[in-house]
Each structure stands twice: as structure tokens, then as C-alpha cells.
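Trainee: Give me a 3D structure for the following:
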Amino acid sequence: MKKIFIGIDISKEKLNLCYMNAKEIVLEEEVENTIPSIKRQIKNGLKVLGSDISEVLVCAEYTGRYIFPLTCSCHELGLSLWMEDPTRIKHSFGVTRGKNDTVDARRIAEYAFRFNDKAVEYAMKGKSIESLKNLLSDRDLLLSDRKKYQAQLSDQKHYMDKDDYKRKAKRWKIVIKTIQAQIDEIEAEMEKIAESDETIKHQMELLVSIDGVGKKLAVNMIVITEGFSRFDNARQFNCYAGLAPFQYTSGKSIHSKSRVSQRANKHIKSLLHLCAVSAGTRMSNGEYREYYERRKQEGKHPMCIINVIRAKIVSRMFAVIKRDSIYTKNHKMTA
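Mentor: Next up, the predicted model:
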């Protein structure tokens, strides 16, 4: 049974810690966001309180890569760590006034105490998934840079002196070539990691067996879902990615039509949309193309059809992983 609840507010440079028992706040500290500093502070804090590691629940908001030192520290100390969605913590307190790091740490500690029966212990990602995640981030940044320089070449061609443009184009083409070489290097490293990790390799094979799912979408799904361990089912993932619509009603009043949450992972949502469009409108003999044409003839709006295809793709990705078998077409696709 947990007796001490440590709420932690994470920022790039530091952490604010609030220790709470069932009655009150018993200790508050500020520490650098480094593994040695975090481990030392928590050890000292528990020693002062006379608490055992088994009695402690650490709770923090999931804030991207800044959580890395904390996750490593808790793993090495053997502490139970609960990484919670920031919106859940925020909404649990209703309307609040005032915000600073100390107050946020107190609220997280209180949240951990109130809802500790719902705590989900954080599992450290494997090294391969962590490496792929970092490589994907670097690749996306380089792709953005390449697009920017390519736009400079096309947009300015007819709006500057011809000789000036030639000199500029020469410089930009060298930059684009350098960026492309780095992208190729990253993609080769990603493929090497995927091939060397048997679990990731197997999951990739299962995912790409589905129409519309290529290597790019497959590796992004594996990274985002942490090897399909972060979400229990497709519905949970759809909510996270902003694919599941929600109604906004009160009593007999309907304030607006159903819409998706704006707190979504727009990157994976965009990837899934592109795959659904390709599968529904460009694949010459796939089941999605047949479904798209049939529903279009029935008068359905093209975007509504694409949304259904997108949801089907997600559902099938979770299904092949759960069944541990490649996708086989054994029935006609229906709405």
C-alpha cells in the first residue's frame, strides 16, 4: 500500500517535488533535471521521512523528452512511477487560479493521492524504440528544412535577377543535397535498428501486410504506441490521435456537431490521412478502393469515406498485433 505520494512538475532545467502523505504535504524540494541529482534528492527525502521505496508512488505529467532523467532515476531506484496525461490532472481540479511550478507539483501530488487506485505504472521503453523515436524526430526536422529550401528555389525563380537567382540556386542545391544525405543516413540507421530488433522487425512485417500501411507509417505507429503497449485498443489510440469525434451537448441543447479533440497528435493523424487517401483513391485493386467507389456512388461525402477507411486501418493494425498474424482479406469491407 502506498503511503507517500511524490508529485513532480517537470521542466527542461529543473524538477519541483512535493511529498505528501494521507494528511498533508510533508516536504517540498527543487532539483536539477539530471539523473544523479534526482536520485540523490529522492534518496535523501525518503531517508528524512523514514519511508521505504515500496511505500512510494511518484506521479508526473508526460511532457515529452524532458521526462527521460526522471524515468531512468525511478527505474534505477525501483520506484513506482505514474506518467499521467496532463489534461486529466488539469481537469480533475476544475477551474483553478494561479500557476507556478511549486503549485503544480502540489496538485500532481494531490492527484496521485486521490486517484492512486487508478495508477498505471510506467514501463521503460526499450532502447531500440527510444533510438527510433530520436531518429524520427531528427528526420522530421531535416525534412522540414529541405522543404523550406526547395520552396525558396521554386518561389523566387521569377521574382529576382536571373544571375542572382543562379548563384542562390547553386548554394541552395548544395544545402539540399547535404540535408538529403543526412536524411538517407538516418533512414539507413532506422532500418538497421528495425532489422536487428526481433520484436520490432516482426511487428513491422505484421503491419505492412495491411493495405495502405507502408514502412513509414508502421515505424511511426510502433514508436508512438511504444510497441503497441501504450494503448489497450484502437479506440484509445483514436482518441489520442484526434480521430474519434465527440459530441458537445447539454440537456436538450446541441451546441455543435460532433468534432474531434484539438489536443491530438497531428503528425500521426496526418500520416494516417495520407495513407487512407492513397488506399481509397489510388490503389488500383485494393479493397479500400472498392469500398470508396461504392460508398461514393451511394452519395457519401468523400471525406467521410476517407475517415472510415482511416479508422479501419487503425483497427486492423491493432488487430494484427493482438492476433500476432498477418492480415488476410477474408470478407468484403462494410461501413
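Trainee: use CA for all of it now, contacts and neighbours both
Mentor: Will do.
Trainee: Identify the element of secondary structure that C72 sits within.
Mentor: helix 68-77 (DSSP states H and E).
Trainee: next one: stretch 36-54 to chain centre, how far?
Mentor: 31 Å (C-alpha atoms, centre = their mean, to the nearest Å).
Trainee: contacts for that stretch?
Mentor: 1-2, 4, 27, 31-32, 69-70, 73-74, 77-80 (C-alpha atoms under 8 Å, 6 or more residues apart in numbering).
Trainee: what about 10 Å?
Mentor: Counting contacts by C-alpha atoms under 10 Å, 6 or more residues apart in numbering, the residues outside stretch 36-54 that touch it are 1-4, 6, 14-15, 17, 19, 26-32, 55-56, 69-70, 72-74, 76-80.
Trainee: do stretch 149-166 as well
Mentor: Outside stretch 149-166, the residues that touch it by C-alpha under 10 Å, 6+ apart are S144, D145, R146, K168, A169, K170, R171, W172, K173, V175, I176, I179.
Trainee: Look up the closest residue to the fifth one, ignoring the ones flanking it.
Mentor: Nearest-residue entry for A169: L153, 6.2 Å, with adjacent residues in sequence omitted and distances by C-alpha to C-alpha, 6 or more residues apart in numbering.
Trainee: What average pLDDT does the strand or helix carrying that neighbour get?
Mentor: L153 belongs to helix 127-155 when assigned by DSSP H and E. Helix 127-155 comes out with an average pLDDT of 90.
Trainee: Tell me the secondary structure at V277.
Mentor: helix (DSSP: H, G, I helix; E, B strand; the rest coil).
Trainee: For the contacts of stretch 149-166, which PyMOL command selects only the ones that are buried?
Mentor: Remark: buried members of the contacts of stretch 149-166, expressed as a PyMOL selection using 16 or more other C-alpha atoms under 10 Å:
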select buried, resi 146+169+172+175+176+179
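Trainee: of the contacts of stretch 149-166, closest to P302?
Mentor: Set against P302, the nearest of the contacts of stretch 149-166 by C-alpha to C-alpha is S144 (28.9 Å).
Trainee: what's near enough to touch that closest one?
Mentor: Contacts of S144 by C-alpha under 10 Å, 6+ apart are Q150.
Trainee: cool, P302 as well?
Mentor: V277, G280, T281, Y292, E293, R295, K296.
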